[in-house]
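> need a structure here:
(one chain, ligands or ions: 1)
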Amino acid sequence: MDLSERPQHQALRAELRAFIAAHRHLAPSGRALHDPQARAWQELLIANGYAARTIPRELGGAGLAPDILASRLIAEEFAQAGISPGLGGQGINMLVPTLLEVGSPAQKQQFIAATLLGDIVWCQGYSEPGAGSDLASLRTSAVLDGDAWVVNGQKIWTSTAIEADWMFCLVRTEPQAPKHRGISFLLLRMDTPGIEVRPLVDMTMKANFNEVFFSDVRVPAGQIVGQRGDGWRVANIILKNERGSLADPNLSLARLNALVALMQQETVDGQRAIDQAALRDRLMRLQGRLLGLQFNDLRLLSAGLNPGHDDARLAALVVKLQGTELRHEIEALAIDAMGEGGLAYGANPYLRDAGSWQVNYMYFLGLIIGGGTSQIQKNIIAELGLGMPREPKVAGAA
Ligand SMILES: Cc1cc2nc3c(=O)[nH]c(=O)nc-3n(C[C@H](O)[C@H](O)[C@H](O)COP(=O)(O)OP(=O)(O)OC[C@H]3O[C@@H](n4cnc5c(N)ncnc54)[C@H](O)[C@@H]3O)c2cc1C
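Numbering: from 1, shown residues only. Sure, this is the predicted structure:
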């Protein structure tokens, strides 16, 4: 399709620049959850059609018709300006699109607007001690008892569980069924009696994820999404959205621009880092890879207009693998460009950009694993994208 900008898109670009210049002082600087400033910013973006664009008004969105070029321009302009494009996270990026696709009318009403505004913060309860890459082996059980599911078991690596209001969760409801068909998808309040959250400190030295224990937790029977035993299908809709959202090329572009600015300021042996051949060479390679991902993104946007068309399947599969590894390498180059200063961490007067390079370097190493490891992504690309033979199953596995 023709992706060149039309007059209305040029007008939108001008409108966006004017909006950003007039309102950028209102944008939140961090990613704090339950932050009133972030909520107000999100509300302003939705009111102007810059966030939740295509979500119906009655569900809290801007209610606009899909316009892939407009969405792209908005993402680009916020990235170029280096300001927040609005709230994200597991609720908005993963659960909302899934509820739009398979949620009941009551679930859409209850959760979508509140999630878009950050009033409900979600966590994702998938992984368990014995079920990560092989997620369908999960064992946390839910047994129907009158009008409630009774949940018992344990989740692990649950990001933001300690701050979350609700969890979307995979549980085994049909223990006799083959493993992929015995799973259901539940929504549960994190303050339900019987839930215990224990923070886990990761290599950033922060407790970004947690263990969650369930002991006879009663969840109203209506808080199931899709049918009983249909949770694997729902889970895969979520994973599709998760893998795309973990590696947004527009966020990487904002980071690459910040890296260029850093390399213009930092000096190595009296020379600007950006003028050092080895560092500059790495920067250009990263720029080339980012351009590749941006064009890949255009291909996906274009395919979004023809949902039945399978052309972009491979393009969608590479996003998580390529995007998280690229982002990790962008942060790594900044650390190298800072020389000894790159080793500073925590409260240190030599930190640049509040230490965000060091934190993100480690955080993105984690995201190469989270949402499905790079090895698993390569398996998926080989099997679903390139049509290569499926990985042999262990004897007896479903
Ligand atoms: C930062 C971060 C945030 C996370 N947040 C969440 C969250 O919010 N909610 C949630 O539910 N989970 C979360 N996770 C968990 C994440 O989804 C799992 O860690 C991931 O799926 C891998 O599972 P595992 O840790 O059990 O590793 P394993 O599955 O045990 O894998 C161990 C190693 O073996 C390799 N391996 C396994 N199977 C294969 C295979 N078939 N072929 C080739 N190699 C293989 C893997 O690639 C990996 O290198 C998070 C993880 C991280 C790091």
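
> for the stretch 151-300 of the chain, what spans make up the strands?
Counting by DSSP state E, counting those that start in this stretch, one finds strands in the stretch 151-300 of the chain at the ranges 166-172, 183-189, 195-200, 209-220, 224-225, 267-268, 271-272.

> how about the ones you listed in CSV, adding mean neighbour count, mean pLDDT and distance to the ligand?
Heads up, the C-betas are built off the backbone N, CA and C, glycines and all. As requested, these are exported to CSV (neighbours: other Cβ atoms under 10 Å; pLDDT from 0 to 100; distance: least, Cβ to the nearest ligand atom, whole Å):
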stretch, mean neighbour count, mean pLDDT, distance to the ligand
strand 166-172, 25, 98, 8
strand 183-189, 22, 98, 13
strand 195-200, 15, 98, 10
strand 209-220, 19, 98, 5
strand 224-225, 24, 98, 16
strand 267-268, 16, 89, 31
strand 271-272, 13, 95, 34
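
> give the residue farthest from the middle of this protein.
Most distant from the centre of the chain: Gly270, at 39.7 Å, with distances by Cα atoms, centre = their mean.

> who's in contact with that residue?
Residues in contact with Gly270 (Cβ atoms under 8 Å, 6 or more residues apart in numbering): none are found.

> measure the nearest residue to Gly125 once chain neighbours are set aside to Asp336 for me?
Leaving aside its sequence neighbours, Gly125 sits nearest to Cys169 (Cβ to Cβ, 6 or more residues apart in numbering; 3.6 Å). Applying Cβ to Cβ, to the nearest Å, the value for Cys169 to Asp336 is 41 Å.

> cool, and Gly231?
Distance from Gly231 to Asp336, by Cβ to Cβ: 44 Å.

> those two - which one has more neighbours?
Neighbours were counted for Gly231 and for Asp336 using other Cβ atoms under 10 Å; Gly231 has more, 28 against 17.

> who does the residue nearest to Gly125 bridge with?
Assessed by DSSP bridges, Cys169 has beta-bridge partners Gly125, Leu186.

> ok, it touching Ser184?
No: using Cβ atoms under 8 Å, Cys169 is not in contact with Ser184, being 9.2 Å away.

> tell me which parts of the protein are close to the ligand?
Residues of the chain lying close to the ligand (Cβ under 6 Å from any ligand atom) are 123-127, 132-133, 157-159, 209, 366-367, 369-373, 375-376, 379, 391.

> keep only those of the residues you listed that are in helices.
Secondary structure from DSSP state H places Gly366, Leu367, Gln375, Ile376, Asn379 of those in helices.

> was I right about the second one contacting Leu251?
No: when contacts are counted by Cβ under 8 Å, Leu367 is not listed as touching Leu251 (11.6 Å).

> what sits in contact with each of these two?
Arg327.

> and the residues of the chain next to the ligand, which are buried?
Buried residues within the residues of the chain next to the ligand, counting neighbours by 16 or more other Cβ atoms under 10 Å: 123-127, 132, 157-159, 209, 366-367, 370-372, 376, 379.

> mind listing what Leu301 touches?
Applying Cβ under 8 Å, 6+ apart, the residues near Leu301 are Leu3, Ile68, Leu69, Ser71, Arg72.

> any idea which helix or strand carries it?
Using DSSP states H and E, Leu301 maps to helix 277-304.

> now that helix: buried residues?
279, 282-283, 286, 289-290, 293, 296-299, 301-303.

> and of those residues, the nearest to the ligand?
Nearest to the ligand out of the buried residues of helix 277-304 is Leu293 (Cβ to the nearest ligand atom; 20.6 Å).

> contacting residues around that closest one?
Leu293 neighbours (Cβ under 8 Å, 6+ apart): Ala247, Pro249, Ser252, Val319, Gln322, Gly323, Leu326.

> ok but the fourth one is inside a helix, no?
It refers to Val319. Yes: secondary structure of Val319 (DSSP: H, G, I helix; E, B strand; the rest coil): part of a helix.
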